[in-house]
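# After the sequence you'll find the predicted model.
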There are 2 protein chains.
Amino acid sequence: MGNQEMIVAFQGEPGAYSEQAVRQHFGAGIQALPCRGFVDVFKVLQEGKATHGMLPVENSLHGTVIPAYDLLVDHDLHVQAEVIVRVEHCLIAPAGMKLNDIKQAWSHYQALGQCEQTLRRMQIEPITYYDTAGAARDLAANPEPNTAAIASALAAETYGLEILVHNLEDEAFNYTRFFVLGDTPPARDDPSKTSIVFTTRHQPGALFTVLAELAQRDINLTKIESRPRRDRPWHYLFYVDFEGHADETAVQQALLGILKSASFLKVLGSYPAARD
Amino acid sequence: MGNQEMIVAFQGEPGAYSEQAVRQHFGAGIQALPCRGFVDVFKVLQEGKATHGMLPVENSLHGTVIPAYDLLVDHDLHVQAEVIVRVEHCLIAPAGMKLNDIKQAWSHYQALGQCEQTLRRMQIEPITYYDTAGAARDLAANPEPNTAAIASALAAETYGLEILVHNLEDEAFNYTRFFVLGDTPPARDDPSKTSIVFTTRHQPGALFTVLAELAQRDINLTKIESRPRRDRPWHYLFYVDFEGHADETAVQQALLGILKSASFLKVLGSYPAARD
C-alpha cells in the first residue's frame, strides 16, 4: 500500500501509538501527519491536506474513546479498515544511560498507571507528562540525569533514544483498536464488518426490536454500547458493530428494518475485519 | 442518613469529586475515607475499616470506568444505590489572588481538557497534575505566584482556597455516575434498577437470546455495553442495567432465562434509581 500520494493524519506527537498504527497498517514508508487533537484529524482530511485518518476508537483497558465516536457521528467520512495494535510500553533513555541509573520516568498518566507495579518493583518514580511521545521528545532534547521516558518503540526510534526495557506494562492484554478513515468506501474484502450508530425511540423493547433485525438474519454482533445523548438527557445513542457487509442482501434488509424503529441511523462504514 | 458509625471509602484525595458524591448522597456530616486506588476501596470494605464505598462507574464524556467494573466482577459487594453528580470545575487560588493575576492552572489532564476553550479565552496556561484535589492541596501548602488550580468546590473548601470562577468547563453535559457499595442488599425503594454482568457463548444471536428474556417481559434496558474478555480473546463480557428489582417475578424469570444462555451471570445489585 506504499502509494506515494497517501498522507495519513493521526492525533499526537511523532512516535505516538497512533503513528505506530499508521505504520502497522500502511507500512513504514507512508507519510504520516501529526495533528494536535482528534478534531484536527477530521479537519486536515476535509481540507485535503491528508488522504486518510487513523483514529483510536477503543482500548481493551480503558474502553470506548467517546470523543472519537462523537466526531464520527458529526462528520461524513467512511471507515475503511480497522487496525488492532498491541500497546507495548518501553523504558527509553538517551544513549549511554544504564537501567541502574534510572530513578524516575516521564510519561502520560495512563501509561504510568499501566506500568505501576513494574515501576514500583524497579524503584522508578513515575512523573506525569501530557503525552508519551512528547516525554520522549523533550527528554531527547534536554536529557536529565537519572531520567527515562515511557513510550512506544517508535518514539525511541523517532527521537534517537535507546530502549532499556521492553514490555514494561503490568498487563499484557492491552490493545487499541483504530479506524482508518477516508473519503470513499473501501473495496470489499470479506470477512467484513460494519459499524453503525443509532438512537431508538424511548420505549421498552425499542433496542430489542433493532437487534432482532440483526439476530433473525444470523448477523453476529461484535460490539454494542449505549450512551446517553448530550442534547436529550435519558435518550440513548448506540454504537453497534456486526459481521457482514452493507452490500449483502441480509445486511441491507436488517438496516431497512432498523430504520423503521430507530429515530436516527448512521452507517460509519463496511470494512475488512482485522485478522486476529 | 447521618448514621455515626458509617464510614464511606472513596478513591482520591480529600476534596475529590468522589468525596462530593459521598456528601451529595449521605450528607455533609458523614465520615469519608480517602483511598489511593479503586482496589483500596474494596480492601478497606473487606477489612471492615469502612462500611460503604463510593465508586465511579461511568462519565457522560469519557464513558464506562472499566477498572471499576473489573473490580465489581472480582468482588462480592452489593450495589446499594446509584448517585449522579454534575461535574463542575472551579478555578481556585489562595486568598487575595485575583483572576487577572492568574497565568497558569494546575489540574488533572482530563479536567484541563474539559476546560480547554475557556482557559484559552482567559489566556491561562494549563499545567497537568496527577489529580484535581491534589493540585488544590499542593497549591494551598505552597502557593506560587500567578497560579491557580482547577478542582471541585469541595476541594476549595477542604484546603481553604477561594473560588475565582465557577463552571469553568466548556461542556455542561458532564455527569459522573457512582455506585454506592456495601456488604448487604439495600431496602427496596421503587423505582428500582438492577445491574448485571454476563458472558454469552460465542455464537450468533447469543446476546439477542439474553436480551429477549428482558424484552419479552417489557423490562427496559438503561445501559448495555460489551467488552472483550481479558482471559479469552474474542469472547465478550456484557454490562447491562435495566429497570426493575430482582425481587419481582418478571425479573426473576428473566434472570433464570438468561442463565440458560449465558455462560456466566453476576447480579451486581438491585437499588433505588437516582432521581433525574
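Here it is on my side, so go on. Numbering: from 1, shown residues only, chains lettered A, B, ... in the order given.

# Low-confidence regions, chain A specifically.
Chain A contains residues with pLDDT under 70 at A:1-4, A:202-204, A:230-234, A:276.

# Which residue would you name as the spatial centre of it?
The residue lying closest to the centre of chain A (Cα atoms, centre = their mean) is A:P56, at 1.4 Å.

# quick one: it is in a helix?
No - assessed with DSSP: H, G, I helix; E, B strand; the rest coil, A:P56 is strand; it does not lie in a helix.

# Tell me who's in contact with it.
A:11, A:17-18, A:21, A:65, A:68, A:176-178 (Cβ atoms under 8 Å, 6 or more residues apart in numbering or on different chains). Any C-beta I mention is one placed from the backbone N, CA and C, and that applies to glycine too.

# Can you show me the strands along the stretch 51-200 of chain A?
A:52-59, A:63-64, A:78-86, A:90-93, A:104-108, A:125-129, A:147-151, A:162-165, A:175-182, A:192-200 (DSSP state E, counting those that start in this stretch).

# Now the third one: buried residues?
Judged by neighbour count (16 or more other Cβ atoms under 10 Å in any protein chain shown), strand A:78-86 contains these buried residues: A:78-85.

# helices or strands next to it in the packing?
Judged by 3 or more Cβ pairs under 8 Å, 6 or more residues apart in numbering or on different chains; DSSP states H and E, strand A:78-86 is in contact with helix A:17-26, strand A:175-182, strand A:262-272.

# Which one, of the ones you listed, ends up nearest to chain B?
strand A:175-182 (8.1 Å; Cβ to the nearest Cβ).

# Which positions within the closest one qualify as buried?
A:176-182.

# Let me know the closest of these to A:V210.
A:F179 (22.0 Å; Cβ to Cβ).

# returning to that earlier point: out of the contacts of A:P56, which is nearest to A:I219?
Taking Cβ to Cβ as the measure, A:I219 lies nearest A:R177 of the contacts of A:P56, at 19.9 Å.

# Was I right to think that closest one contacts A:R86?
No - if you go by Cβ atoms under 8 Å, A:R177 and A:R86 don't touch, sitting 11.0 Å apart.

# does any part of stretch A:208-216 sit near chain B?
Yes - Stretch A:208-216 reaches chain B (Cβ under 8 Å from any Cβ of the partner chain) through A:208-209, A:211-212, A:214-215.

# again but with stretch A:36-51, I slipped
No - counting by Cβ under 8 Å from any Cβ, chain B has no neighbours in stretch A:36-51; the shortest distance is 8.8 Å.

# Please enumerate residues in contact with that stretch?
Contacts for stretch A:36-51 (Cβ under 8 Å, 6+ apart): A:5-11, A:33, A:35, A:52-55, A:67-68, A:71, A:75, A:77, A:181-183.

# ok, now how distant is A:L221 from A:D189?
Note on A:L221: its distance to A:D189, by Cβ to Cβ, to the nearest Å, is 21 Å.

# again with A:E169
For A:E169 relative to A:D189 (Cβ to Cβ), the value is 32 Å.

# more neighbours, these two?
Between A:E169 and A:D189, counting by other Cβ atoms under 10 Å in any protein chain shown, A:E169 is the more crowded of the two (22 against 11).

# my guess is that one meets A:E116, correct?
No - here A:E169 does not reach A:E116: they are 9.6 Å apart, not a contact under Cβ under 8 Å.

# Residue numbers of the stretch 101-250 of chain A in contact with chain B?
Within the stretch 101-250 of chain A, the residues that sit near chain B (Cβ under 8 Å from any Cβ) are A:108-109, A:128-130, A:171, A:173, A:203-205, A:207-209, A:211-212, A:214-215, A:218-228, A:230, A:233-234, A:238, A:243.

# Could you find the closest non-adjacent residue to A:Q123?
A:K103 (7.7 Å; Cβ to Cβ, 6 or more residues apart in numbering or on different chains).

# next one: A:H52
Spatial nearest neighbour of A:H52, excluding adjacent residues (Cβ to Cβ, 6+ apart): A:V8 at 4.5 Å.

# Need the three-state assignment for that neighbour.
A:V8 - assigned by three-state DSSP - is strand.

# Just give the number of residues close to it.
25.

# now swap in A:D74 and tell me
Residues contacting A:D74 under the criterion other Cβ under 10 Å number 10.

# returning to what we had before: ok, now how distant is the residue nearest to the centre of chain A from chain B?
Look at A:P56 and chain B: by Cβ to the nearest Cβ, to the nearest Å, they are 13 Å apart.

# Tell me the bridge partners for A:M54.
A:F10, A:V180 (DSSP bridges).

# tell me the contacts of it?
A:8-10, A:18-19, A:21-22, A:25, A:41, A:83, A:178-181.

# Now do the same for A:A32: helix, strand or coil?
A:A32 is classified as strand under three-state DSSP.

# Could I get the contacting residues of it?
Here A:A32 is in contact with A:7-10, A:14, A:19, A:22-23 (Cβ under 8 Å, 6+ apart).

# one step back: ok, which of the helices and strands packed on strand A:78-86 comes nearest B:G134?
Short answer: helix A:17-26, nearest of the helices and strands packed on strand A:78-86 by Cβ to Cβ, at 26.5 Å.

# by contact count, what packs against the closest one?
Partner elements for helix A:17-26 (3+ Cβ pairs under 8 Å, 6+ apart): strand A:7-11, strand A:31-35, strand A:52-59, strand A:78-86, helix A:153-159, strand A:175-182.
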